[in-house]
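Asker: My questions are about this predicted structure, shown below with the sequence.
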Amino acid sequence: MFDLIIIGLLLLLLIIRIIKTKTFTTSVLFLVVLSYIVIYLVPTLNYQDLSIDRQSLMKFYLLFLVALFSLIMGFTWKNKLLNSNLQRIKRNQNQSYWIYFITAIILKIAIINFSSYSENNIVKGLVFIMDDISTIFFFGFIYAFFMNGKKTNYIIKSLIIVIFYGLFYMADVINSLKGEEYSRYNLLLAIIIIFVFLLENVKRKLRFSTIAIASCVVIILSFQILNRGDMLILKHGTDTINALQFNVTNYKPFLILYNLGFYMIAIPLGIKPLYYTANGQYMLDILGYSSYQVASYPFGIGITGVVDSYWNWGILGVIFFFYCAGFYLKILRNNAIKYNSSFLYGIYILQVCKLFLLFRLDFSFFFGRLIVILPVLYYITRRFANENKHNKFE
């Protein structure tokens, strides 16, 4: 009963904060709700069939609400959440964002060429970094293209975006047609991003956006059915919580911190243990796999970003890392609005959509290689800030 009272109080505080700061008008809250419905709701309703005891489930939900409250607090720090008028967020006049699209395609081609050297950890680390940068460039361009102009029909523009997307993820498209291994999460992330694009612009073309959003929701919600392994993610999380409670494993204070940097590059330099990821540690410590089994295991095992942060620094880790995630999203959003840049807003939406991967897998899918990404984001932001200032004087 006591745990239900605490959960109820946290939920009440969360709702009050959301209403007070009008966070319900942003995409962040929509992604949180969507992530919960797709990832946690069905396993929660079937927790007994998954051999999850009630006490572990309550502890997970306590951590989950602490994470959400910290995320919203970081996102609305000092209540300074800038209002956005998306009608005014237009591309800059010099069409410079096409350069980012071309760069993204070039980086993707380089990634495909480097894939044959994937056994080398340094090359693998560079591939991860190039993939992150190209993804930022690409989705910034896509949103700028989506927002640009009033003459182009929404349906035609959407078809063009699909073509661009197929070009960007050509390797996955070809592999899927051949029946070979491909990243289905690239497809899912794209659908979620398009969903948010339309959601942010629903007032511009109400009928088209409503139909498209409904289609995206159906596809996203079907992900649980198409990928039944996701039913076990909540169990992986509660198993990790129990393992910490009964000293089967210990806290990993540097687990997330390693993922903020070069991720794989640190391995051959002797800085990072080989399987020092949430995925690897779960298989080693909790499932009892050998190092060889972990290396040869073909799939990743998600434990949720909530439990990942808890595995690092306990409840303080949940508060700190989710607060940082919210503050990070706030900075991206405010900069896009401040500098009137649809390109920067596209990057913000990309990171918001990565909340789905954060709640499903672990923090490496949200903060991974951040040491490299932050300077890139700073450069792009300063460039658009200077262009915005120049346009004001013209």
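Answerer: Happy to help now that I have it. It should be emphasised that the depicted structure is a prediction, and the values quoted were computed from it without experimental measurement. Residues are numbered from 1 along each chain as shown.
Asker: could you pull out the helices for the stretch 101-250 of the chain?
Answerer: For the stretch 101-250 of the chain, helices defined by DSSP state H, counting those that start in this stretch occupy the ranges 121-147, 154-168, 170-178, 184-200, 206-221, 223-226, 233-245.
Asker: just to confirm, which helix or strand has the residue positioned nearest the centre of the chain in it?
Answerer: In the chain, the centroid-proximal residue (CA atoms, centre = their mean) is residue 354; its distance is 1.1 Å. For residue 354, the host element (DSSP states H and E) is helix 342-360.
Asker: wait, isn't residue 251 in contact with residue 309?
Answerer: No. Contact between residue 251 and residue 309 fails when scored by CB atoms under 8 Å: they sit 11.1 Å apart. Using the backbone N, CA and C atoms, a C-beta is placed for each residue, glycine as well.
Asker: These two: who's more crowded?
Answerer: residue 309 (30 against 12; other CB atoms under 10 Å).
Asker: what about that one, which SS state?
Answerer: helix (DSSP: H, G, I helix; E, B strand; the rest coil).
Asker: quick one: contacts for the closest residue to residue 328 other than its chain neighbours?
Answerer: In this structure, residue 328 finds its nearest non-sequential neighbour in residue 351, 7.2 Å apart by CB to CB, 6 or more residues apart in numbering. Neighbouring residues of residue 351 by CB atoms under 8 Å, 6 or more residues apart in numbering: 328-329, 332, 366.
Asker: likewise residue 161?
Answerer: Contacts of residue 161 by CB under 8 Å, 6+ apart are 142, 145-146, 194.
Asker: Repeat the analysis, applying 7 Å as the threshold.
Answerer: 142, 145-146 (CB atoms under 7 Å, 6 or more residues apart in numbering).
Asker: repeat for residue 164
Answerer: residue 142.
Asker: Going forward, count from 89.
Answerer: Sure, I'll start numbering at 89, so the last one becomes residue 252.
Asker: Give me the pLDDT value at it.
Answerer: pLDDT recorded at residue 252 is 80.
Asker: So residue 391 sits against residue 450, correct?
Answerer: Yes. Assessed by CB atoms under 7 Å, residue 391 is found in contact with residue 450 at 6.1 Å.
Asker: what about the two, which has more around it?
Answerer: Neighbours per residue (other CB under 10 Å) separate residue 391 from residue 450, with residue 450 holding more: 30 against 27.
Asker: Could you tell me the phi and psi values at the more buried one?
Answerer: Residue 450 has phi and psi values of phi -160, psi -180 when expressed as degrees, to the nearest 10.
Asker: any idea how far it is from residue 197?
Answerer: Separation of residue 450 from residue 197 (CB to CB, to the nearest Å) stands at 29 Å.
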